[in-house]
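Trainee: Sequence first, then the predicted structure:
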Amino acid sequence: MILLFVSLPLYAQFYYFGHNKVQYTDFDWQILRTEHFDVYYYPEMKDLAQQGAFFAEESYKILQSKFNHSLNRRVPLIFYSSHLHFEQTNTTGGFIPEGVGGFFEFLKGRVVIPADGSLPRFRHVIRHELVHVFMHSKIDRVLTDHRLPQDRMPPLWFTEGLAEAWSTESDDQSEMLIRDAVLNNYVVPLQGMESIYGTFLMYKEGQYILHYIEEKYGEDRLMMLMENFWRNSSFSEVMKATIGKNYKEFDDEWTYAFKKKYYPVLSGSDYTSHASASIVKKGFNSKPVFYRNGNIREVYFIGNYTGYTSIYKINLDGKTEDDLEPQLIVEGEKNDEFEAFHVFQSKLDISKDGMLAFVTKKGESDALHLFDVKENTLVRTLQFNSLVVIASPNWSEDGKTIVFAGTDKAGKMDIYEYDIPREVLTRLTYDAYDDRDPVWMPGEAGIIFSSDRTPYGSDQIYNLFKFDLATHAISPVTIGRENYYSPSFSPDGKHLTFTSNEDGAQNIWTIATADINAGGLGYPMKKISRFTNAAFDPQWTDTSEIIFSGFENYSFKIYKLSDVFHTIDTTTVEHRFTFPADLATWSPKSVAGDTSVHFVPYESDYSLDIAQSQVSTDPVFGTSGGAAMAISDLLGNDQYYFLLYNNAQSSGEFLESFNLAVTRVSLGQRMNYATGIFHFSGRRYDLTDPDLFYYERSFGGYFVLSYPLSKFQRVEAGTSLSNSDKDLLYGLPSRKALVLSNSLSFIHDNSLWLQTGPIDGSRFLFTAAYTSDVQYGNVGYYTLIGDYRIYNRLATRTALASRFTVMLNEGKEARRFFMGGSWDLRGWPRWSIRGKKLWIMSHELRIPFIDQFAIRFPFGGIGFGSFRGALFFDSGSAWDNTYHSTIGSIGGGLRWSLFNALVLRYDVGKRIFNDFNKVQDGLFYQFFFGWDF
Amino acid sequence: MKKYFSFKNIGIVISLLIAGCAGVKFKTELTRFPTDVIMLGKIPARNFFDSSYFTFPLKQLWEYDASSGFGTGTPIIAGTTMFFGTLRGEYHAVNVESGKRIGYFKTFSPVQASSAVLHNFIIYGTEGGSENLFAYRVDEGEEMWSKDVGGVSASPLVMHEKLIVGGLNDTVYCFDQYGNEHWKFDAHAEIRSSPCGDEEKIFCASTNGLVYALSVSDGSLLWKFKTGSAVYAGLTLYDSTLIVASRDSSVYLLNARSGELKRKISVGNKVMATPSCADGVLYIPDLAGSVSAFRLENGEQRWKFSAKGVINTTPVITPKAVLVVSSDKFLYALSPNDGTILWKLEFPARIKTTPLIWKGKIIIMSEDKYVYCFQ
């Protein structure tokens, strides 16, 4: 921050890349106060906020009993009605991936949670995060009571495992993953948990391990693991004190118990890869859909092989290697049009005339895209003002109407119909239930969809329903405490297939369409597949085949089942539904009408984010002391930064040596801005001129605007005005100036990163600025900066990166740029090459080197993470008025990522001089830190 | 100018710092009076009734900075000296009249439970350490013996001049004042529930949910009873009824002679603290923050009081008020008749230790690391 303020006149030279967190929506925040919570919401989602508040209070009562602990402060709960709104939050600076269902931020004690259309899942996530709140408070209390430093928490497998164990019973996904891990031998014992740190597998293993402890050792043992936390800094020893077994001893026990539980599954079912044909064997794949393109039978699906999620196709009958290689159809996550795919949420569909319908995030909300696969062109993109989220489009037989699931701003997920020729959107369902996966029935008499509207729905149980288009009546197609998802009809329309976990694993089942049409009080469903793992999104081809995505060995692939009609005719595994005459449903609970809750408008309530002070001594600048502090409001929209330090070297200088800066950053709207004032004085050393020492007193203010055009592009503008009074110390005259600096920048960045730097995409920056002394005329120069970086992917983890940078400062008292060192012109002393004009070009081959480096000792182990390698060639030059020569370097190096927070770099190579006519005799060795360019 | 930084003064400061780190042992006569509180609950039945009459509002007499959190055990009192351990691993002696410290020493492991007075010994247990049951001779100012019972989380019981203590090594022990072991009983699970007793039997429960009646003379098993979950709450004896609160959200009323179930009261929430009982009324605290009063004879609920925080302490019964403390930071005085609040007082922090009543004074230990005395 000091650097930022000191270099204000140089603002035009201060640039950076990075994706944008765009505040598309202007949220009108309100507060709902309950007994224990302050619920932050916006008016469109008031009902949802009241339902969430009920879930929070309900959870509080349950958790205070489980933890034997009460919270002694109110908990802020910040709700969003959809994940897309949640992604705009400023409560965390980072980007929120689609898989993040909410988080607890312990610095301000905030809980931030989006809804996703499902109230039971909303309740689950609220309770999950409140487990974190309680645990944090409980552990803090245990350590405080024992007068121990509050500098540690239980390991992540325990904290996340407990949050899941105490917020939900085992669910489909958990069961699928653990069963798969046991049957495919990738269960990770507690002793090796760091190898899957932060993964979904770690969360679910933690949950299952803690359920096992509850069942085997008693439900009180989980509470005692926290009560005993003071006993040892090693959680393994805390377990020893609580259940009598440390990690090693317990690993032997629970892994064996899990094998005993799951191995028998194999007696009646098979791995997906053994019982069906794999048609896409690499990467992550989901949501397949079939299309006959002339004589070619094609499967379109969502895949991820490079880090970017995109739509691919494959020849279903392909024989050659080329045929079996997925072809990229729509490249996602690189541009504004297809910003992000919802890989688990939204299916694809394709009409008879080859119009592929799919959904991506586009700006503020989802967009429904219509893509002609024959012409390979995007035909139309639809966005609806009333809808934030769109999912799983399905074409009518005539290709004129699409049904899909959508979430409105209130957070309700319902079924919609869109008439394309008439451009009319019709809402077919409108209630609190989570309706998804709609498909047209043959003849378009109705729509089958999956919903949690049965009495079991409050436990996150989904069944299939029929929506009658004539009467708008909704009737059940399945009924049970199992989950039924992803309906689709056979090409002849006689069979409705779907997934169900009726007998454990999620398999493919079918019901005769005639039975559905006949109605009545019961009919059977037949089991088509007998997989040990899980099948998703079954879709028929044009024959007796079903394609689906299957989860096996910790990956999702596309598989094909053949002779399905024969299987339906011969299968003996049936389950018969019996429908009650009058199917009841469940009613969402809410604090609405509760007189103890209060509604108040949101007012910024600022609290401390960080504060630190220090005294430093420098051989050149002497001793200085100061403090920095940052505060922000609860939503993180408004942030203030304060800097105060004094660098007086004698008592007489004390008053005039106060350095003060105050900055306000406003992020609550799409146009972000920062404004601030400053006063700096003291002895300076000009980095751009090694001989220049001076005393400067400057004060002024500045204003910076940043407008994101999309996630990948933004425009920035800044202006600063500062009064600068320089006394040059050694033989040079003093200088006064009132410096006005204006700048304008355009920034593009769609790069994809690995641990040490970008691997794919491109980055571009252009800046123009003018800096002048508006009072004395002592300063007047313009600045132009162009910086283009492109990353050409050669393989999954190999890329050729190139950088082309030009910088110009021209005019009176124009500042110098500088380069040299590990970040730009390698092999040359850091910042040793200076000039008012500068160019640099770099090419670097980035390759994987060592993925995991760990040393195991008898008493434990230590991991060093991954190392990557690089081969580079740099060239460039810097000059003031006369171009001297081109210099460069060539060599190779290693990059070591430390916890994804810091990269250490070591380069070896040779410098190149004199317009590339001379090469260094020996080698240079350079060690530094920093990301790859 | 006054000279502060003499070598002498620096030496004194260093000496005080070193002495402070090492702890200061206290040495005082252990006078005994009928009003002494020689163990948790004062009497072996541990029904938490005290005949003191209070007039509200109470007036604070003193406060004592223990600089540590407290466990579940209340202090004990012998003469005018109050003894208690802390979770920081220190043992304090405080003049209960003035709140002045008499002395303290380090126990090197947290003290969770109440201590006990046995003859001239203070018996205290620690949760950890290779040895965790200690006899401290007050008039000598020295530790006289120590034992390993796996750690102590339940408050020991003094009966017939013997000490009964349940250990975290799943065993119930009977020691005399010299540390001689008279018998032991394997309970097959940790003992975190403070035992109680009558003339012939002691009653204990373990975290496997079993309740045992043992002969006080030889530790032989007289009967046992299985509850639905772990028992953390201490046991209470009222007339011939043994009251057992289990984490299965139920309170079991057992025939103390036979172990037969007389009645099971469903509380609806987990109970971690000992219920109290007087005049045929049972007061059950629960982790939902409620205290419920039930008639012992028919299980009928008389009233229910709800605080705004967990109650993991025992309601203390007096003739005119039931005193309840909660994690919501309040001390409540409730009407025994209908549970209405007669008076309440907010503390700076949560209260997780049962109040102690001694000679008309109420002693409260709060999470803010202070001990408060009111009259």
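Mentor: Structure received.

Trainee: for chain A, what are the nearby residues on the stretch 101-250 of chain B?
Mentor: Residues of the stretch 101-250 of chain B lying close to chain A (Cβ under 8 Å from any Cβ of the partner chain) are B:Pro110, B:Glu127, B:Gly128, B:Thr207, B:Asn208, B:Ser229, B:Ala230, B:Tyr232, B:Arg247. Heads up, the C-betas are built off the backbone N, CA and C, glycines and all.

Trainee: and these, which of them are in strands?
Mentor: For those, not one is inside strands, with DSSP state E as the criterion.

Trainee: Out of the residues you listed, which comes closest to A:Val573?
Mentor: A:Val573 lies nearest to B:Ser229 out of those, by Cβ to Cβ, at 39.2 Å.

Trainee: wait, that closest one sits on B:Val244?
Mentor: No - assessed by Cβ atoms under 8 Å, B:Ser229 is found out of contact with B:Val244, at 11.1 Å.

Trainee: Could you pull up the contacting residues of A:Glu545?
Mentor: A:Lys560, A:Leu561, A:Ser562, A:Val564 (Cβ atoms under 8 Å, 6 or more residues apart in numbering or on different chains).

Trainee: From A:Asn507, how far out is the second one?
Mentor: This points to A:Leu561. Note on A:Leu561: its distance to A:Asn507, by Cβ to Cβ, to the nearest Å, is 11 Å.

Trainee: any common contacting residues for those two?
Mentor: Listed as contacting both A:Leu561 and A:Asn507 by Cβ under 8 Å, 6+ apart are A:Ile528, A:Ser529.

Trainee: which residues in the chain form helices?
Mentor: All of this refers to chain A. With DSSP state H, the ranges of helices along chain A come out as A:2-6, A:46-67, A:83-86, A:119-145, A:156-165, A:172-183, A:200-217, A:220-227, A:235-243, A:247-262, A:272-275, A:513-518, A:564-570.

Trainee: Can you look at chain B instead?
Mentor: With DSSP H as the criterion, chain B has helices at B:7-22.

Trainee: What sits closest to the residue in chain A positioned nearest to chain B if chain neighbours are left out?
Mentor: Closest approach between chain A and chain B, counting by Cβ to the nearest Cβ: A:Asp145, at 2.5 Å. Computed as Cβ to Cβ, 6 or more residues apart in numbering or on different chains, the closest residue to A:Asp145 that is not its neighbour in sequence is B:Gly69, at 2.5 Å.

Trainee: Kindly state the pLDDT recorded for the one you found?
Mentor: For B:Gly69, the model assigns a pLDDT of 94.

Trainee: so how many other residues sit close to it?
Mentor: For B:Gly69, the neighbour count with other Cβ atoms under 10 Å in any protein chain shown is 26.

Trainee: Now do the strands in the stretch 251-375 of chain B.
Mentor: For the stretch 251-375 of chain B, strands defined by DSSP state E, counting those that start in this stretch occupy the ranges B:261-266, B:276-278, B:281-285, B:290-295, B:301-306, B:316-317, B:322-325, B:330-334, B:341-346, B:356-358, B:361-365, B:370-374.

Trainee: Switch those over to CSV; also include distance to chain A, mean pLDDT and mean neighbour count.
Mentor: Formatted as CSV, these follow (distance: least, Cβ to the nearest Cβ, whole Å; pLDDT from 0 to 100; neighbours: other Cβ atoms under 10 Å in any protein chain shown):
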stretch, distance to chain A, mean pLDDT, mean neighbour count
strand B:261-266, 15, 97, 16
strand B:276-278, 19, 97, 24
strand B:281-285, 12, 98, 27
strand B:290-295, 11, 97, 22
strand B:301-306, 11, 97, 16
strand B:316-317, 20, 98, 24
strand B:322-325, 12, 98, 28
strand B:330-334, 11, 98, 21
strand B:341-346, 12, 97, 14
strand B:356-358, 19, 97, 23
strand B:361-365, 11, 97, 24
strand B:370-374, 13, 98, 22
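
Trainee: looking at chain B, which helix or strand is least sure?
Mentor: Within chain B, no helix or strand scores below helix B:7-22, which has a mean of 49 by mean pLDDT, DSSP states H and E.

Trainee: ok, now chain A?
Mentor: One helix or strand of chain A scores below all others by mean pLDDT, DSSP H and E: helix A:2-6, with a mean of 36.

Trainee: In contact with A:Gly493, which residues?
Mentor: Taking Cβ under 8 Å, 6+ apart as the test, what A:Gly493 contacts is A:Pro442, A:Gly443, A:Thr513.

Trainee: my guess is the first one meets A:Ile516, correct?
Mentor: Going back to what we said before, that points to A:Pro442. No - the criterion here is Cβ under 8 Å, and A:Pro442 misses it with A:Ile516 at 10.2 Å.

Trainee: how many neighbours does A:Pro149 have?
Mentor: Considering only other Cβ under 10 Å, A:Pro149 is surrounded by 7 other residues.

Trainee: residues contacting it?
Mentor: Applying Cβ under 8 Å, 6+ apart, we find A:Pro149 in contact with A:Leu143.

Trainee: ok, now B:Ala116?
Mentor: Counting by Cβ under 8 Å, 6+ apart, B:Ala116 touches B:Ile38, B:Met39, B:Leu40, B:Ile76, B:Ile122, B:Ile123, B:Tyr124, B:Ser155, B:Pro156, B:Leu157, B:Val158, B:Leu163.

Trainee: and the gap between it and chain A?
Mentor: 22 Å (Cβ to the nearest Cβ, to the nearest Å).

Trainee: can you give me the strands for the stretch 551-700 of chain A?
Mentor: A:555-561, A:574-578, A:598-601, A:607-618, A:622-632, A:638-646, A:658-666, A:672-685, A:693-708.

Trainee: out of everything not next to it in sequence, what's closest to B:Cys277?
Mentor: Leaving aside its chain neighbours, B:Cys277 sits nearest to B:Tyr238 (4.0 Å; criterion: Cβ to Cβ, 6+ apart).

Trainee: If the residue nearest to A:Ala56 when sequence neighbours are not counted is in a bridge, with which residues?
Mentor: In this structure, A:Ala56 finds its nearest non-sequential neighbour in A:Phe37, 5.0 Å apart by Cβ to Cβ, 6+ apart. With DSSP bridges applied, A:Phe37 shows beta-bridge pairing to A:Val75.
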